[in-house]
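> Kindly generate the corresponding structure for this input.
(one chain, ligands or ions: 3)
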Amino acid sequence: MSKLKIAVQKSGRLNEDSMRLLKDIGISIDNGKDQLKASANNFPLEVFYLRNGDIPQYLRDGVVDAAIIGKNVLIEKGNDIQFVEKLGFSKCRVSIALPKSDKYNSIEDLEDKRIATSYPNTVNQFLKKNNVKADLHIINGSVEIAPNIGLADAIVDIVSSGSTLFKNNLVEKEVILNSEAVLAVSPLISAENQEILNKIQFRIQSVLKGRASKYVLLNAPNDKLDDIIKVLPGMKSPTVLPLAEKGWSSVHTVINKNQFWEIIDELKLKGAQGILVCPIEKMVL
Ligand SMILES: Nc1ncnc2c1ncn2[C@@H]1O[C@H](COP(=O)(O)OP(=O)(O)OP(=O)(O)O)[C@@H](O)[C@H]1O
Ligand SMILES: O=P(O)(O)OC[C@H]1O[C@H](OP(=O)(O)OP(=O)(O)O)[C@H](O)[C@@H]1O
Ligand SMILES: [Mg+2]
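Ligands and ions are numbered 1, 2, ... in the order given. Purely as a prediction, here's the structure:
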């Protein structure tokens, strides 16, 4: 039987969340820490542990069928490769930053300036789109130090909390792109392995929906039920069950994590009591 070959980052910022996602979709992998390849023991899947930056080429060549990779790397090195799912972790942006003391009004101020970056294709594309010519210095890491040592006037690098920029006296001026981990697919994937990938994607979607939602249980006096139900979105409509105490009901529903506090405040105002909130492992709609 055919096995889907999936690449994940060997070590670094994506590794832990990628492995947790595979675990959460029920895939169990036997791997010694130093193995570069491991098989799932309950699913037709082989995991390849690779450098994130090398993954686009492996996808292009069909050495792997799919990968969990930063969208920023795909844009930089694999613009021809499709992704089928955003995975919601390793969120960051690729931005232009300049020393705090330098003036910057618009992208034209970068004309003829020296820009240090590990993302030359992304930067060149952005400059071209804006009709600006600049001089790129390609470095592989510690990009934020470049202006302080006189190597560049500006940088383009990953920003998340902004603390690395702050520590280096740099200020973010333009966001070139937003990134997060994605599930990317090789253009050469076979029909058989595409079927396996579809199953994985379906499982990932149900885990991601679960992570984005909360299961809420509450008690309410029957005369307040209509008002309370109006506040609740629910998957279809909330479940209402009678409590042992006369005149009271228990209401069960699913709410979006982002709307959570607003909804809870409103429920309390409308007379809900004993509100319980539980995590959801998976959600199949
Ligand atoms: N500070 C950050 N916050 C959130 N996500 C980040 C951050 N830095 C990097 N990322 C994301 O995680 C990915 C992997 O970053 P990491 O620094 O672990 O690897 P790398 O050194 O770029 O790659 P390689 O695996 O090729 O050595 C990046 O491509 C980006 O998508
Ligand atoms: O905005 P922040 O939260 O400070 O994150 C941004 C920093 O994180 C990444 O570096 P990383 O720590 O991955 O080190 P690396 O250069 O070795 O990849 C990135 O290259 C930035 O330097
Ligand atoms: Mg990094």
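> from here on, contacts and neighbour counts on C-alpha atoms
OK.
> got the contact list for residue 17?
residue 89 (C-alpha atoms under 8 Å, 6 or more residues apart in numbering).
> Could you check how many residues crowd around residue 94?
21 (other C-alpha atoms under 10 Å).
> what's the offset of the longest helix belonging to the chain from the middle of its chain?
The longest helix of the chain (DSSP state H) is helix 191-211. Offset of helix 191-211 from its chain centre (C-alpha atoms, centre = their mean, to the nearest Å): 16 Å.
> Of all the residues in it, which ones are buried?
Residues of helix 191-211 classed as buried: 193-194, 196-197, 200-201, 203-211 (neighbour count, 16 or more other C-alpha atoms under 10 Å).
> residues from the stretch 51-200 of the chain in reach of ligand 2?
Residues of the stretch 51-200 of the chain lying close to ligand 2 by C-alpha under 6 Å from any ligand atom are 141, 142, 158, 159, 160, 161, 162, 163, 164.
> make it 5 Å
Counting by C-alpha under 5 Å from any ligand atom, the residues of the stretch 51-200 of the chain close to ligand 2 are 141, 158, 159, 160, 161, 162, 163, 164.
> Residues in a beta bridge with the second one, which ones?
It stands for residue 158. Note on residue 158: beta-bridge partners residue 94, judged by DSSP bridges.
> And for it, the neighbour number?
Counted with other C-alpha under 10 Å, residue 158 comes out at 25.
> picking up where we left off before, packing partners for the longest helix of the chain?
Where contact means 3 or more C-alpha pairs under 8 Å, 6 or more residues apart in numbering; DSSP states H and E, helix 191-211 is packed against strand 4-9.
> Contacts for the strand it packs on next, please.
Everything outside strand 4-9 that qualifies as a contact, by C-alpha under 8 Å, 6+ apart, is 14-15, 18-19, 44-52, 55, 63-69, 193, 196-197.
> roughly how far is stretch 209-219 from the heart of the chain?
The answer for stretch 209-219 is 21 Å, by C-alpha atoms, centre = their mean.
> ah, wrong one, I meant stretch 36-49
Taking mean C-alpha positions (C-alpha atoms, centre = their mean), stretch 36-49 and its chain are 22 Å apart.
> For ligand 2, what's the nearest residue on the stretch 1-150 of the chain?
residue 141 (4.6 Å; C-alpha to the nearest ligand atom).
> mind listing what that residue touches?
residue 118 are the contacts of residue 141 under C-alpha under 8 Å, 6+ apart.
> quick revisit: which of the residues of the stretch 51-200 of the chain next to ligand 2 has the weakest pLDDT?
Ranked by pLDDT, those bottom out at residue 141 (93).
> Tell me if that one really is in a helix.
No. Judged by DSSP: H, G, I helix; E, B strand; the rest coil, residue 141 forms no part of a helix; its state is coil.
> Correct me if wrong: residue 266 contacts residue 232.
No. Residue 266 sits out of contact with residue 232 when judged by C-alpha atoms under 8 Å, with a separation of 9.7 Å.
> who has more neighbours, these two?
More crowded of residue 266 and residue 232, by other C-alpha under 10 Å: residue 232, with 20 against 14.
> so that one makes contact with residue 265?
No. Here residue 232 does not reach residue 265: they are 11.9 Å apart, not a contact under C-alpha under 8 Å.
> give me every residue that touches the residue of the chain positioned farthest from its centre.
Distance from the C-alpha centroid of the chain peaks at residue 246, with 47.0 Å (C-alpha atoms, centre = their mean). Shown in contact with residue 246 (C-alpha under 8 Å, 6+ apart): no residues.
> Would you mind naming the helix or strand containing it?
Taking DSSP states H and E as the criterion, no element holds residue 246; it sits outside all helices and strands.
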